[in-house]
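Student: build me a model from this:
(chains A and B)
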Number of protein chains: 2
Amino acid sequence: MRPVALHISPLSHIGLIVPGADLAQIVLASLKRSGDELLSNDILVFAQKVVSKAEGRVVQLATVTPSNRAIELSQLTAKDPRIVELILNESKEVVRHREGVLIVEHRLGLVLANAGIDRSNVDGVDCALLLPVDPDASASRIRNDLKRETGIDVAVVIIDSIGRAWRLGTAGTAIGVSGILALSDLRGRPDLFGRPLETTEVASADELAAAASLVMGQADEGTPVVLVRGAPIARAEGSARDLVRPKRMDLFR
Amino acid sequence: MRPVALHISPLSHIGLIVPGADLAQIVLASLKRSGDELLSNDILVFAQKVVSKAEGRVVQLATVTPSNRAIELSQLTAKDPRIVELILNESKEVVRHREGVLIVEHRLGLVLANAGIDRSNVDGVDCALLLPVDPDASASRIRNDLKRETGIDVAVVIIDSIGRAWRLGTAGTAIGVSGILALSDLRGRPDLFGRPLETTEVASADELAAAASLVMGQADEGTPVVLVRGAPIARAEGSARDLVRPKRMDLFR
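Tutor: Numbers count the residues shown, from 1 in each chain, chains lettered A, B, ... in the order given. Alright, predicted model coming up:
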């Protein structure tokens, strides 16, 4: 596979997403409005927030009763105990905590702050937005819906902005994948001199997520879906779980 | 700043880079050959390897005498003691080691495997390729050379493929920056509902590095320079050092 020019463009007119929204139909309406259509090597990248909203992963904070452990941890982290309760429910374990910081291993295996939960405001009611239950499945569902409607088999990636150890700032990160390999294994491919590379596994879906995140913006831009054309990533049945370093291989917890 | 379509294309005919190579001239020759020219909002992204080669950061392994500490660590990590000697010379401290693994804090502040040193083969001689001495300065130099030749003030980013805690696979990461902010501070910008975002610092230069890395490929593609057009990153005097989390704020060492 030769590298090619990569083109990433935001879809316009996505609008606010409500529970039950049909993201495939919204994408197709947006493309039609801008006179574009899907091609078979396209990759659609969705911000986690719109997928979570469409799937109704919204919890009204007034309905949450924090456990004793959540109350204790909320005092140590200076966070809302109801949010901490939701974080703990979404997590396998707390990895680090201190004032203002609560980093967990999410049930999906992701190590991230606050289990990826954002505060959200729905019609004036204080809410929290959780990650999709199974982002790989969410990506597959959108991909299948698009294929059924158009006959075109695009790939779909769902991303979130996630912090890193050692480095400041968040970077777009793949949390759900359908139709591409998340991790490209280059071991054994020759380098320029014909010698095999030692060990190179590239987190292709994370690189794609970061690229898409640049175009999405973070704040008021309102472009939560972007179309990626020309990405040199192998089409295959991948999973974002392939990007999670197994805990037994992780030297940094 | 509104998000815009992002276009990333590899420069062709870069060829093998030798010590003393003038990267600005090589880029301009490549662009001329393909009938393209620089625009003022362009960003040129260079793989670290070509910058290091041009700067002569090549060490013949036969000239390296490992210290006692390097020999001891080479036994613990099953690595070449001469490479370990070079790694230690390039590093402030060893962060983790075990068989096959040597993760250090590089003198630039980067936490990464093997101090970013690659084995290299120059005219049949076994060599190691070190990171540039000061990648921000390298980026500035290339940027200034291009500006002097063309009058166009592009931004320049130098990237390496770096592993991450918690996640498998490497991702393109910015190690040198000139002409853009490495870290975009979105704190206080309104979200879609007009409320200020809580805390969002985005590692824009790392996201850009990841995007460029996708197009560069890793192995025999030979496209170590890519041109990025349309990136919604603020032009300013930034530094890749802004992306390094200060050790006192790092919970994962």
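
Student: so what's the closest residue in space to residue A:5 that isn't next to it in sequence up against?
Tutor: Sequence neighbours aside, residue B:9 is the residue nearest to residue A:5 in space, at 4.0 Å (criterion: Cβ to Cβ, 6 or more residues apart in numbering or on different chains). From N, CA and C alone the C-beta is placed, and that goes for glycine too. Residues near residue B:9 by Cβ atoms under 8 Å, 6 or more residues apart in numbering or on different chains: A:5, A:6, B:215, B:226, B:227, B:229.

Student: ok, the third one - contacts?
Tutor: Contacts of residue B:215 were listed using Cβ under 8 Å, 6+ apart, and they are A:3, A:4, A:5, A:6, A:232, B:8, B:9, B:10, B:223, B:226.

Student: as JSON lines, those residues with pLDDT, secondary structure and distance to residue B:156 would be great.
Tutor: Written out in JSON lines, the entries for these read as follows (pLDDT from 0 to 100; DSSP: H, G, I helix; E, B strand; the rest coil; distance: Cβ to Cβ, whole Å):
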{"residue": "A:3", "pLDDT": "43", "secondary structure": "coil", "distance to residue B:156": "20"}
{"residue": "A:4", "pLDDT": "60", "secondary structure": "coil", "distance to residue B:156": "23"}
{"residue": "A:5", "pLDDT": "89", "secondary structure": "coil", "distance to residue B:156": "20"}
{"residue": "A:6", "pLDDT": "93", "secondary structure": "strand", "distance to residue B:156": "19"}
{"residue": "A:232", "pLDDT": "86", "secondary structure": "coil", "distance to residue B:156": "23"}
{"residue": "B:8", "pLDDT": "95", "secondary structure": "strand", "distance to residue B:156": "15"}
{"residue": "B:9", "pLDDT": "94", "secondary structure": "strand", "distance to residue B:156": "16"}
{"residue": "B:10", "pLDDT": "93", "secondary structure": "strand", "distance to residue B:156": "16"}
{"residue": "B:223", "pLDDT": "89", "secondary structure": "coil", "distance to residue B:156": "16"}
{"residue": "B:226", "pLDDT": "96", "secondary structure": "strand", "distance to residue B:156": "12"}
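
Student: of those, which is the nearest to residue B:71?
Tutor: Top of the list for closeness to residue B:71, among the contacts of residue B:215 and by Cβ to Cβ, is residue B:223 at 38.6 Å.

Student: rewinding a little: just the buried members of the contacts of residue B:9?
Tutor: Buried by 16 or more other Cβ atoms under 10 Å in any protein chain shown: A:6, B:215, B:226, B:227, B:229, out of the contacts of residue B:9.

Student: now the two most distant members of the contacts of residue B:9.
Tutor: Once Cβ to Cβ is applied, the contacts of residue B:9 give B:215 and B:229 as the farthest pair, at 12.0 Å.

Student: overlap in contacts of these two?
Tutor: In the contact map built from Cβ under 8 Å, 6+ apart, the residues linked to both residue B:215 and residue B:229 are B:8, B:9.

Student: who does the residue nearest to residue A:5 bridge with?
Tutor: Note on residue B:9: beta-bridge partners by DSSP bridges are residue B:227.

Student: if we can go back for a sec, now render the buried ones among the contacts of residue B:9 as JSON lines, adding distance to residue A:252.
Tutor: Output for the buried ones among the contacts of residue B:9, formatted as JSON lines (distance: Cβ to Cβ, whole Å):
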{"residue": "A:6", "distance to residue A:252": "31"}
{"residue": "B:215", "distance to residue A:252": "29"}
{"residue": "B:226", "distance to residue A:252": "30"}
{"residue": "B:227", "distance to residue A:252": "35"}
{"residue": "B:229", "distance to residue A:252": "36"}
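
Student: my read is residue A:30 is in a helix, agree?
Tutor: Yes - Residue A:30: assigned to a helix according to DSSP: H, G, I helix; E, B strand; the rest coil.

Student: ok, the helix or strand bottoming out on mean pLDDT in chain A: who's next to it in the sheet?
Tutor: The least trusted helix or strand in chain A, going by mean pLDDT, DSSP states H and E, turns out to be strand A:118-122, with a mean of 79. In the sheet containing strand A:118-122, the strands it pairs with under DSSP bridges are strand A:125-129 (antiparallel).

Student: and the contacts of the partner strand?
Tutor: A:49, A:52-53, A:57-62, A:64, A:82-83, A:86, A:117-121.

Student: test my guess that residue A:109 contacts residue A:241.
Tutor: Yes - judged on Cβ atoms under 8 Å, residue A:109 makes contact with residue A:241 at a distance of 6.3 Å.

Student: can you give me the pLDDT of the closest residue to residue A:83 other than its chain neighbours?
Tutor: Using Cβ to Cβ, 6+ apart and skipping the chain neighbours, the partner closest in space to residue A:83 is residue A:128 (6.0 Å). According to the prediction, residue A:128 has pLDDT 95.

Student: so residue A:128 bridges to which residues?
Tutor: What pairs with residue A:128, by the bridge criterion (DSSP bridges), is residue A:59, residue A:119.

Student: would you mind measuring from it to residue A:68?
Tutor: Residue A:128 sits 20 Å away from residue A:68, taking Cβ to Cβ, to the nearest Å as the criterion.

Student: more neighbours: these two, which one.
Tutor: For residue A:128 against residue A:68, the residue with the higher neighbour count under other Cβ atoms under 10 Å in any protein chain shown is residue A:128, and the figures read 23 against 8.

Student: in which helix or strand would I find the most centrally placed residue in chain A?
Tutor: Of all residues in chain A, the one closest to the mean position by Cα atoms, centre = their mean is residue A:159, 2.1 Å from it. Remark: residue A:159 resides in strand A:155-162, with elements defined by DSSP states H and E.

Student: what about that strand, near chain B?
Tutor: Yes - looking at strand A:155-162 against chain B by Cβ under 8 Å from any Cβ of the partner chain, the contacts come from residue A:161.

Student: quick one: work out the angle between that strand and strand A:118-122.
Tutor: With axes from the mean of the first three to the mean of the last three Cα atoms, to 10 degrees as the basis, strand A:155-162 and strand A:118-122 are set at 110 degrees to each other.

Student: beyond strand A:155-162, next helix or strand please.
Tutor: Assignment by DSSP H and E places the next element after strand A:155-162 at strand A:171-178.

Student: run through the neighbouring helices and strands of that following strand.
Tutor: Contact here means 3 or more Cβ pairs under 8 Å, 6 or more residues apart in numbering or on different chains; DSSP states H and E; on that basis strand A:171-178 packs against helix A:48-54, helix A:135-150, strand A:155-162, helix A:204-216, helix B:204-216.

Student: how does it look with 10 Å?
Tutor: Helices and strands touching strand A:171-178, by 3 or more Cβ pairs under 10 Å, 6 or more residues apart in numbering or on different chains; DSSP states H and E, are strand A:43-47, helix A:48-54, helix A:135-150, strand A:155-162, helix A:204-216, strand B:171-178, helix B:204-216.

Student: walk me through which strands that strand pairs with, and which way each runs.
Tutor: Taking DSSP bridges as the criterion, strand A:171-178 forms sheet pairs with strand A:155-162 (antiparallel).

Student: which positions within the strand it pairs with qualify as buried?
Tutor: A:155, A:156, A:157, A:158, A:159, A:160, A:161, A:162.

Student: kindly report the same for stretch A:122-133.
Tutor: A:127, A:128, A:129, A:130, A:131, A:132.

Student: find the nearest non-adjacent residue to the third one, please.
Tutor: Take residue A:129 and drop its neighbours on the chain: the residue closest to it by Cβ to Cβ, 6+ apart is residue A:120, 4.3 Å away.
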